[in-house]
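Engineer: The amino acid sequence is not available; the structure is as follows:
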Ligand code: HEM
């Protein structure tokens, strides 16, 4: 690893080498270079990252210094992620009622039905690609139903979300694919907003109707911000859950001892999901815009810089986690950052947890065992996940 010096990268934050190699780099960086410099593979812009848990926590708890509203990859800002106080808490407050424990609990029968419909054919066949046939459709079907959209739209949403996932472009064809998929996702979101304007729904039960009736500083929320918020939820609400499910399924497929333990102790599944995702976190890193000159762990960072918070590295920090490189299914306490922390901590976490619990519990209960029958396909991009998990499945 290169010495830290102006102009020389310490690390590639978009590193997509195999997962174990990635975690080895995190370990070296946390010890020797906790705020490494990288360069964005597309723009060439310098990017710093925080690798240690406590530094990550300091950044996430200080939205005045480490902000989000100035940073957007798209032409319209997408709250609540791309938003700062005082706007951010007003949008969060409006959306929060949809994700309270009782609201999410009321959705559980729907999650169960969708899980059953997807697992039935896979279990009957005794084999199949669990990434393509299960983790890919489930979260998009759940999200669309949750948002009052037809579940059948899932394949359209999924296809375009895959193509807007951040990757380093290596050809004009990839850029064109990205631009087309981005336009489709905005169109879909725009149609949702226009539909609720033409056919008003109850703001207490419909997320888009709720946004259309939300006020910011006493005035109706700007229509572009409504659109941006819908666009964010349409993206954030399924992709990470797909990858979280894939990570859990891959882990269990390669650890039959963990599989057996959870089959015998179903009450342990909830904590096990948290630990598997701490061990291998789907959202590896997220950026912030630095508003004022700061120093973190002895590294000066100038106002205007982009600073990434590396959740995946923070989740292996030995200052916080005992034996961090082991997956200990009943780890307690487990203050991981899988869903972020601070004001931008994941809004949809209760729904994601429910889908994962229902989905993985069913898979374990309905099988005697499952394991890889071929090479898993690694997902494109710098977040962690799989796009193919070929499995043998032994029905219970
Ligand atoms: C296992 C699945 C999921 C994971 C690992 C995950 C992870 C995250 C993380 C790490 C953040 C913080 C980003 C940051 O600080 O920059 C976040 C924010 C967010 N997530 Fe999730 N997420 C998941 C599922 C969901 C679902 C199902 C929804 C919606 C239905 C959702 C909606 C959001 C939203 C709206 C935000 C932005 C919150 C804000 O800025 O106030 N996520 N998520």
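Structural biologist: That came in fine, so what should we check first? This is a predicted model, so every value here is computed, not measured.
Engineer: which residue sits closest to residue 297 in space, ignoring its chain neighbours?
Structural biologist: Distance criterion Cβ to Cβ, 6 or more residues apart in numbering; nearest residue to residue 297, sequence neighbours excluded, is residue 34 at 4.6 Å. Glycine gets a C-beta too; all of them are placed from N, C-alpha and C.
Engineer: got the residues of the stretch 1-150 of the chain near the ligand?
Structural biologist: 80-81, 92, 143 (Cβ under 6 Å from any ligand atom).
Engineer: got the contact list for the residue most central in space within the chain?
Structural biologist: The residue lying closest to the centre of the chain (Cα atoms, centre = their mean) is residue 240, at 3.2 Å. By Cβ atoms under 8 Å, 6 or more residues apart in numbering, the residues touching residue 240 are 282-283, 352, 383.
Engineer: What of residue 232?
Structural biologist: Residue 232 neighbours (Cβ under 8 Å, 6+ apart): 78-82.
Engineer: got the residue ranges for the helices in the stretch 1-150 of the chain?
Structural biologist: Ranges of helices in the stretch 1-150 of the chain, per DSSP state H, counting those that start in this stretch, are 19-32, 53-60, 87-95, 101-106, 108-125, 130, 137-146.
Engineer: among the ones you listed, which is the most enclosed?
Structural biologist: helix 130 (a mean of 27; mean count of other Cβ atoms under 10 Å).
Engineer: Once you drop chain neighbours, what's closest to residue 249?
Structural biologist: Residue 249 sits nearest to residue 130 (Cβ to Cβ, 6+ apart), 5.3 Å away.
Engineer: Likewise for residue 272?
Structural biologist: Leaving aside its sequence neighbours, residue 272 sits nearest to residue 329 (Cβ to Cβ, 6+ apart; 4.3 Å).
Engineer: and that neighbour, how many neighbours does it have?
Structural biologist: If you count neighbours by other Cβ atoms under 10 Å, residue 329 ends up with 20.
Engineer: Please point out which parts of stretch 288-302 sit buried.
Structural biologist: 288-291, 294, 296, 299, 301 (16 or more other Cβ atoms under 10 Å).
Engineer: For it, what does the pLDDT average out to?
Structural biologist: Averaging pLDDT along stretch 288-302 yields 97.
Engineer: Likewise for stretch 248-266?
Structural biologist: Rounded mean pLDDT across stretch 248-266 is 98.
Engineer: quick one: it to chain centroid distance?
Structural biologist: Offset of stretch 248-266 from its chain centre (Cα atoms, centre = their mean, to the nearest Å): 22 Å.
Engineer: who touches the residue in the stretch 251-396 of the chain positioned nearest to the ligand in this structure?
Structural biologist: Using Cβ to the nearest ligand atom, the single residue of the stretch 251-396 of the chain nearest to the ligand is residue 348, 2.0 Å away. For residue 348, the contact set (Cβ under 8 Å, 6+ apart) comprises 99, 233, 236-237, 241.
Engineer: do residue 166 as well
Structural biologist: With Cβ under 8 Å, 6+ apart as the criterion, the residues that contact residue 166 are 14, 73, 381-383.
Engineer: okay, who's weakest in those residues by pLDDT?
Structural biologist: residue 73 (64).
Engineer: how about a markdown table for the helices of the stretch 1-150 of the chain, with mean pLDDT added?
Structural biologist: Shown next, in a markdown table, are the helices of the stretch 1-150 of the chain (pLDDT from 0 to 100):
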| stretch | mean pLDDT |
| --- | --- |
| helix 19-32 | 94 |
| helix 53-60 | 98 |
| helix 87-95 | 98 |
| helix 101-106 | 95 |
| helix 108-125 | 98 |
| helix 130 | 98 |
| helix 137-146 | 98 |
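Engineer: Could you dump the ones you listed into a markdown table and include distance to residue 321?
Structural biologist: Listed next are these as a markdown table, based on distance: least, Cβ to Cβ, whole Å:
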| stretch | distance to residue 321 |
| --- | --- |
| helix 19-32 | 12 |
| helix 53-60 | 8 |
| helix 87-95 | 28 |
| helix 101-106 | 27 |
| helix 108-125 | 30 |
| helix 130 | 28 |
| helix 137-146 | 27 |
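Engineer: and of the ones you listed, who's closest to residue 271?
Structural biologist: With Cβ to Cβ as the measure, helix 101-106 is the member of the helices of the stretch 1-150 of the chain nearest residue 271 (17.2 Å).
Engineer: can you list contacts of that closest one?
Structural biologist: By Cβ under 8 Å, 6+ apart, the residues outside helix 101-106 that reach it are 97, 350-351, 354.
Engineer: do stretch 271-283 as well
Structural biologist: For stretch 271-283, contacts defined as Cβ under 8 Å, 6+ apart pick out 19, 240, 243-244, 247-248, 251-252, 258, 262, 311-312, 315, 321, 326-332, 334, 336-338, 340, 353, 356-357, 360, 383-385.
Engineer: now check that stretch, is it near the ligand?
Structural biologist: Yes - Stretch 271-283 is in contact with the ligand by Cβ under 6 Å from any ligand atom, via 282-283.
Engineer: Just the buried positions in that stretch, please.
Structural biologist: By 16+ other Cβ under 10 Å, the buried positions in stretch 271-283 come out as 272-283.
Engineer: now the contacts of stretch 271-283: which count as buried?
Structural biologist: Neighbour counting with 16+ other Cβ under 10 Å marks 240, 243-244, 247-248, 251-252, 258, 262, 311-312, 315, 321, 327-329, 331, 334, 336-338, 340, 353, 356-357, 360, 383-385 as buried within the contacts of stretch 271-283.
Engineer: So which of the residues you listed belong to helices?
Structural biologist: Judged by DSSP state H, those include 240, 243-244, 247-248, 251-252, 258, 262, 311-312, 353, 356-357, 360 as members of helices.
Engineer: The residues you listed also near the ligand: which ones?
Structural biologist: Taking Cβ under 6 Å from any ligand atom as the test, the ligand is in contact with 240, 244, 311 out of these.
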